[in-house]
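Colleague: my questions are about this predicted structure, shown below with the sequence.
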Amino acid sequence: MLNQKLYTLLAVSETKNITQAAEKLNLTQPAVSQHIKALEQEFSTKIFNRTDSGLKITEDGKLIVKFAKRADALYQALVEDLKDSKKRVKHFTIGVTQSAEMGMIAEILATLCAEKKGTNITLISDTITNLYSKLKNYMIDFAIIDGRMQNPGFNSVLLATDNLMLVVSNKHPFAKKSIVTLDELKKENLILRPSTSGTRQLFESHLKSNNESIDNFNILMEIDSVNTIKGLVKHGFGVSILAKSLLTSDIAKGKLKAVPIANLSMIREINIIYPKSFDSMEILNDITRLYLEQTQKQPHENDIYNQ
């Protein structure tokens with residue numbers, strides 16, 4: 001069990017208030033204050049400063065909190081692993097970026113659980129930045145992200161490659177074009193993923209390689225939900241940049257059209273990122289195998305995108 005003083009620290013860092021932390025932990029206010037004081041003495045540093053708006057954590061305090069969260073996550077993982085061992089169950093907590101989740105990942109993981117009896121999966125959708133943080137703090141076992149690995153402290157497996165495309169309504173003038181220029185795109189309302197998403201970052205990096213800036217384009221809205229973006233594009237509110245693999249069904253049904261952008265060959269990677277200490281490589285092999293099998297079942301992309 002995590003040291004009680006560290007649980008107190010986590011509660012105070014969350015609430016920024018001694019009274020609220022005491023209520024949350026069912027402790028007295030003096031007890032909470034004493035725990036924080038004891039930690040400050042133990043680490044010879046100030047953890048919180050008092051301000052008019054409440055407690056403000058110091059830089060050293062942030063570091064201590066980070067490792068306290070990591071220790072708590074490891075303890076909780078140990079408890080769960082021991083329970084799973086007795087039940088002969090293997091449980092994995094997997095993080096995914098939304099674009100990856102919207103593809104075949106959720107279906108593949110469901111297939112894996114059905115195929116491998118005793119395998120249990122918790123799926124968490126988040127931004128790339130937050131997923132890396134969760135990996136560092138042992139809150140997830142591994143992550144499936146759209147984009148390349150950003151941290152050399154982890155290992156990676158390339159699951160697949162994809163392309164980003166301009167997405168328009170079938171009624172949009174661009175739907176009749178075989179290619180669109182950046183100058184033409186500047187005149188359109190863009191509905192994009194947030195700047196923290198891998199899709200958006202890849203689009204912006206390719207703009208820079210063409211001496212262009214996202215500031216030169218008219219961004220109407222930024223939306224995290226891919227389904228919401230597709231819905232707005234279908235109704236003619238704007239155009240978007242999305243991964244081709246997320247558009248297969250909509251294009252086959254005649255609801256959307258994907259159009260290449262001149263001089264922008266935006267290849268997107270889907271990678272499995274995992275800690276170097278990860279020792280359950282079998283599940284990564286199974287995910288890779290199932291992804292390949294599912295891809296082979298899909299209609300050939302040229303049959304769809306050339307419609």
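Modeller: Yep, it's here.
Colleague: so how far does stretch 144-163 reach from one end to the other?
Modeller: The first and last residues of stretch 144-163 sit 17 Å apart, counting by CA to CA, to the nearest Å.
Colleague: buried residues, it. List them.
Modeller: Using 16 or more other CB atoms under 10 Å as the test for burial, stretch 144-163 gives 144-147, 149, 154-157, 159-160, 162-163. Quick note: C-beta positions are derived from backbone N, CA and C, even for glycine.
Colleague: the lengthiest strand in the chain pairs with which strands, and in what direction?
Modeller: As assigned by DSSP state E, the longest strand anywhere in the chain is strand 154-169. With DSSP bridges as the test, strand 154-169 is paired with strand 240-243 (antiparallel), strand 256-259 (antiparallel), strand 267-275 (antiparallel).
Colleague: so which elements touch the helix or strand just after the first one?
Modeller: Read that as strand 240-243. For strand 240-243, the following helix or strand on the C-terminal side (DSSP states H and E) is helix 248-252. Identification of packing neighbours for helix 248-252 by 3 or more CB pairs under 8 Å, 6 or more residues apart in numbering; DSSP states H and E yields strand 256-259, helix 301-305.
Colleague: buried ones in helix 248-252?
Modeller: By 16+ other CB under 10 Å, the buried positions in helix 248-252 come out as Thr248, Asp250, Ile251.
Colleague: with stretch 265-284 instead?
Modeller: So, applying 16+ other CB under 10 Å, buried residues of stretch 265-284: Met266, Arg268, Glu269, Ile270, Asn271, Ile272, Ile273, Tyr274, Phe278, Ile283, Leu284.
Colleague: looking at those residues, spot the one nearest Thr8.
Modeller: Nearest to Thr8 among the buried residues of stretch 265-284 is Phe278, at 31.6 Å by CB to CB.
Colleague: if you skip the residues just before and after it, what's nearest to the closest one?
Modeller: Take Phe278 and drop its neighbours on the chain: the residue closest to it by CB to CB, 6 or more residues apart in numbering is Phe142, 6.3 Å away.
Colleague: can you check Lys5 too?
Modeller: Closest residue in space to Lys5, ignoring its immediate chain neighbours: His35 at 4.4 Å, by CB to CB, 6+ apart.
Colleague: what does Tyr132 give?
Modeller: Spatial nearest neighbour of Tyr132, chain neighbours left out: Asn151 (5.9 Å); criterion: CB to CB, 6+ apart.
Colleague: gap between that neighbour and Lys186?
Modeller: 34 Å (CB to CB, to the nearest Å).
Colleague: report all helices and strands that the helix or strand harbouring Lys134 contacts.
Modeller: Per DSSP H and E: Lys134 is located in helix 128-136. Other helices and strands packing on helix 128-136, by 3+ CB pairs under 8 Å, 6+ apart, are strand 90-96, strand 142-146, strand 267-275.
Colleague: hmm, try it at 10 Å
Modeller: For helix 128-136, the packing partners by 3 or more CB pairs under 10 Å, 6 or more residues apart in numbering; DSSP states H and E come out as helix 59-87, strand 90-96, strand 119-125, strand 142-146, strand 154-169, strand 267-275.
Colleague: so which of these is nearest Ile191?
Modeller: Going by CB to CB, the one of these nearest Ile191 is strand 154-169, 9.1 Å.
Colleague: run the chain-centre distance for the closest one.
Modeller: In terms of CA atoms, centre = their mean, to the nearest Å, the centre of strand 154-169 is found 14 Å from the chain centre.
Colleague: re earlier: hang on, isn't the residue nearest to Phe278 packed against Tyr132?
Modeller: No: using CB atoms under 10 Å, Phe142 makes no contact with Tyr132, being 11.5 Å away.
Colleague: now for these two: what residues contact both?
Modeller: With contacts taken as CB atoms under 10 Å, 6 or more residues apart in numbering, Phe142 and Tyr132 have Gly95, Phe154, Ile273 as neighbours in common.
Colleague: just these now: which is nearest Leu256?
Modeller: For the shared contacts of Phe142 and Tyr132, the nearest to Leu256 is Gly95 (28.1 Å; CB to CB).
Colleague: do you know how far that closest one is from Met266?
Modeller: Here the criterion is CB to CB. By it, Gly95 lies 24 Å from Met266.
Colleague: what do you get for Asp162?
Modeller: Distance of Asp162 to Met266, computed by CB to CB: 9 Å.
Colleague: mutual contacts of those two, please.
Modeller: Common neighbours of Asp162 and Met266 are listed as Thr199, Ala243, Lys244 (criterion: CB under 10 Å, 6+ apart).
Colleague: do you know the pLDDT at the residue nearest to Leu166 when sequence neighbours are not counted?
Modeller: Leaving aside its sequence neighbours, Leu166 sits nearest to Val259 (CB to CB, 6+ apart; 4.7 Å). At Val259, the pLDDT value in this model is 93.
Colleague: thanks again, I'm all set now.
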